[in-house]
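Student: Build me a model:
(2 chains, ligands or ions: 1)
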Amino acid sequence: MNENAKLQVTLLTGRTIEQGVGKERGKASMEYMESVSVCYMDPEDLRRLGVKEKANILVSTNYGSVVVKALKSLRTPHPKIIYIPYGPWANVLVDPETHSIGMPSFKGIPAEVEPALDKPLLNMKELLKEQFGKE
Amino acid sequence: MPVVKAVTCPVCGSLCDDIELTIEDKEIVKVKNGCAMCESKFLNYNGKHRIRKPLIRKDGKLVKATLKEAVRKTAEILAEANYPILYGWSSTSCEATRVGLELAEEVGGVIDNTAVVCHGPSLLSVQEIGISSCTLGQIRHRADLVIYWGSDPWSAHPRHIERYTTFSEGRFERSEWRGYVAKIKASIGRKKIESVLRRLFLKKKPTVPSSYLEGRVCPTISREGRKLIVIDVRRTKSAEMADYFIQVEPNKDYELLQAFRALIRDQELDVDKVAGVPVEYLEEVSDAMVGCNFGALFFGVGLTMSRGKLRNIDAALSLVRDLNTRTKFIIMPMRGHFNVAGANTVSTWQTGYPYAVDFSLGYPRYNPGETSVVDVLMRKESDAALIVASDPVANFPRKAAEHLVENPLVVVDPHMNATAHMADVVLPSAFVGIEASGTAYRMDHVPLPLKRVAEPPRGVLPDEEILRRILSEVRKIKRKKQVAAEAQ
Ligand code: SF4
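Tutor: Presented below is the predicted three-dimensional model:
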């Protein structure tokens, strides 16, 4: 693994079928958490970063950073584009600017990815505590 | 075992109304016709994440309370606030939203629905440009060209293609399902041959993006039958079914839309590529658009959430307006939650505006960017919040959610979620469309009835009833205050 590897990417957030199924099962369920605390990446980008699938990675934008689990996207190529499903993890990273029309920017945000093997992936409660200081 | 037929699925904006539920001992045991999300909802809604008792935060912890206490506490929070937020509404019935609007007027707050972080920009553009639209039924029977732009129906509206567009069996247009299966088989075969060739000749991978290669290898656009075009920044599952897939560079949809506007007017583009796509390829696709008899463009939040936002939608609506000078074309937003269209409709008929309505001056005011909930939160102006059937802590940018959780916060929801975890009062509600009846609007604005097929847990009421109780409690508190003020 390349400890200093960092990748400049574009972050997209959106729906996945797993997130859709998970949210209907219950927003407090394991399925939901597992479906939204992940980041889909091009396998080439994973290689460049020197990490294996399912490793923890740290994604950072101007608005925050969060640890998520890296997954290979099934449909490629999309180099330098990463995808995190909607949810509390993605929200740490998205741009709150509404450009005077009420709509934040959930897609196309410049971001940086780095390996984070030593950092833990927080569960929902831990993440909310870390972000909002409330239990 | 009783089977309830023609149930409307309360999950996404496709609002499929052909679901069949088998009920055994008052429990739903089997779901027919639904997609994975629909099944997940009907089979798991009453699981361990269900909130069964009202909760109130005491000494930093949420503890059980009676419904009366929780309603009373909610009413106090709202009656005392100067500028409360009332947010959510897209996963409940129109009837509940109607009461919500009355409550917003009573407490002089801002009432906003989830469209604000979804298709809000589309609504703004429609107000500016207008929209040529129709019902999904017409598309099913007549559309011979369907475009999904910035939308992945396979993931977000799983039965949309099968029920309303390319794979549906219409009266005048046939389903393309068989053709698709044949294409998949051919593609698997081709991949096998390619891999053998690669191994034999150690050939390198082709350098042209495979999406465009595939388009060339399989020039389906000239064939008969329904055609499917997918335009997205990612190669989605839906993209794999398409006759033509255009992979647009992120944040460049606007350029691509305007390029299509030029091309369908037979203008020449003096560049080789637009948004990363060869112009030649775009010309072929624009020929297909002009050449169809009835085209439908569905667009998703890929357009409303990326750079340009409402201007992207302006361009899309204008493209379709232009196309109507050459052929018949309609455009429709892919609405997400099952009743977000209903929330907009009820808000419009009650206040004149579809979302972001501010009652703080005593009459409805609408100025998205100012009266929209994310902006109110970013300016830290609200001093209380009531969230109904939504989870903004999981859906808003963190900075906006930060102020929300600082406010006295009331959540009305059947399930525990991130927002409910942060709340000061949690009111459990019945699932609309399962345990409570009502009305919802499909994405094409066709109202459909939601059925009550099961009993809610004891003591758990529908949103509409909870809101009525809160409203009457708020009125009582205000009357008391008025009497006290007059006595002084
Ligand atoms: S497509 Fe949407 S409405 Fe239809 S069954 Fe699936 S979730 Fe329900």
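
Student: Got phi/psi on the residue lying closest to B:Pro368 once chain neighbours are set aside?
Tutor: Of all residues not flanking B:Pro368 in the chain, A:Gly102 sits nearest, at 3.9 Å (Cβ to Cβ, 6 or more residues apart in numbering or on different chains). Any C-beta I mention is one placed from the backbone N, CA and C, and that applies to glycine too. Per-residue torsions, A:Gly102: phi 90, psi -10 (degrees, to the nearest 10).

Student: Could you look up the SS state of A:Tyr40?
Tutor: The local conformation at A:Tyr40, judged by DSSP: H, G, I helix; E, B strand; the rest coil, is strand.

Student: What segments of the stretch 51-200 of chain B are helices?
Tutor: Using DSSP state H, counting those that start in this stretch, the helices assigned to the stretch 51-200 of chain B run over residues B:67-80, B:94-107, B:120-129, B:136-142, B:153-156, B:160-164, B:177-201.

Student: Those: lowest mean pLDDT?
Tutor: Mean pLDDT is lowest for helix B:177-201 among the helices of the stretch 51-200 of chain B, at a mean of 74.

Student: How about that one, which residues are buried there?
Tutor: B:Gly179, B:Tyr180, B:Lys183 (16 or more other Cβ atoms under 10 Å in any protein chain shown).

Student: distance of the residue sitting nearest the centre point of chain B from chain A?
Tutor: For chain B, B:Gly336 is the residue whose C-alpha lies nearest the centre (Cα atoms, centre = their mean; 1.4 Å). B:Gly336 is 8 Å from chain A, where distance means Cβ to the nearest Cβ, to the nearest Å.

Student: Same question for B:Gly109.
Tutor: 16 Å.

Student: Please report how far that residue lies from B:Asn367.
Tutor: Per Cβ to Cβ, to the nearest Å, B:Gly109 is found 15 Å from B:Asn367.

Student: More neighbours: these two, which one.
Tutor: B:Gly109 (27 against 15; other Cβ atoms under 10 Å in any protein chain shown).

Student: Now A:Ser105: closest residue in space, sequence neighbours ignored.
Tutor: A:Asp95 (4.0 Å).

Student: Surely that neighbour and A:Ile109 touch.
Tutor: Yes. Under the criterion of Cβ atoms under 8 Å, A:Asp95 makes contact with A:Ile109 at 5.2 Å.

Student: who has more neighbours, these two?
Tutor: A:Ile109 (23 against 19).

Student: which residues does the residue of the stretch 1-150 of chain B found nearest chain A contact?
Tutor: Closest contact between the stretch 1-150 of chain B and chain A, by Cβ to the nearest Cβ, is at B:His49 (3.0 Å). With contact set as Cβ atoms under 8 Å, 6 or more residues apart in numbering or on different chains, B:His49 has these partners: A:Arg25, A:Gly26, A:Lys27, A:Ala28, A:Ser29, B:His415, B:Met416.

Student: Which residues are in contact with the fifth one?
Tutor: Taking Cβ under 8 Å, 6+ apart as the definition of contact, the neighbours of A:Ser29 are A:Gly22, B:Gly47, B:His49.

Student: which of those lies closest to B:Glu240?
Tutor: A:Gly22 (22.9 Å; Cβ to Cβ).

Student: Do whichever helix or strand that closest one is part of and chain B come into contact?
Tutor: In this structure, A:Gly22 is located in helix A:17-25 according to DSSP states H and E. Yes. Applying Cβ under 8 Å from any Cβ of the partner chain, one finds helix A:17-25 touching chain B at A:Ile17, A:Gly20, A:Val21, A:Gly22, A:Glu24, A:Arg25.

Student: What sits closest to the last one if chain neighbours are left out?
Tutor: Which is A:Arg25. Per Cβ to Cβ, 6+ apart, closest to A:Arg25 is B:Asn44, 4.6 Å.

Student: okay, now whatever residue of chain A ends up closest to the ligand: neighbour count?
Tutor: Nearest to the ligand, among the residues of chain A, is A:Gly20, at 7.4 Å (Cβ to the nearest ligand atom). Per other Cβ under 10 Å, the neighbour tally for A:Gly20 reads 27.

Student: shared neighbours of A:Asp95 and A:Ile109, anything?
Tutor: Contacts common to A:Asp95 and A:Ile109, judged by Cβ under 8 Å, 6+ apart, are A:Thr61.

Student: Surely B:Glu27 is in contact with B:Ala454?
Tutor: Yes. Between B:Glu27 and B:Ala454 there is a contact at 7.2 Å, judged by Cβ under 8 Å.

Student: Between those two, point out the one with more neighbours.
Tutor: Neighbours were counted for B:Glu27 and for B:Ala454 using other Cβ under 10 Å; B:Ala454 has more, 19 against 11.

Student: Show the backbone phi and psi for that one.
Tutor: phi -140, psi 160.

Student: just to revisit the earlier point, closest one of the buried residues of helix B:177-201 to B:Leu86?
Tutor: B:Tyr180 (44.6 Å).

Student: how about the nearest residue to the closest one once chain neighbours are set aside, phi and psi?
Tutor: With Cβ to Cβ, 6+ apart as the criterion, B:Tyr180 has its nearest non-adjacent residue at 5.6 Å, and that residue is B:Met241. Main-chain torsions, B:Met241, degrees, to the nearest 10: phi -90, psi -10.
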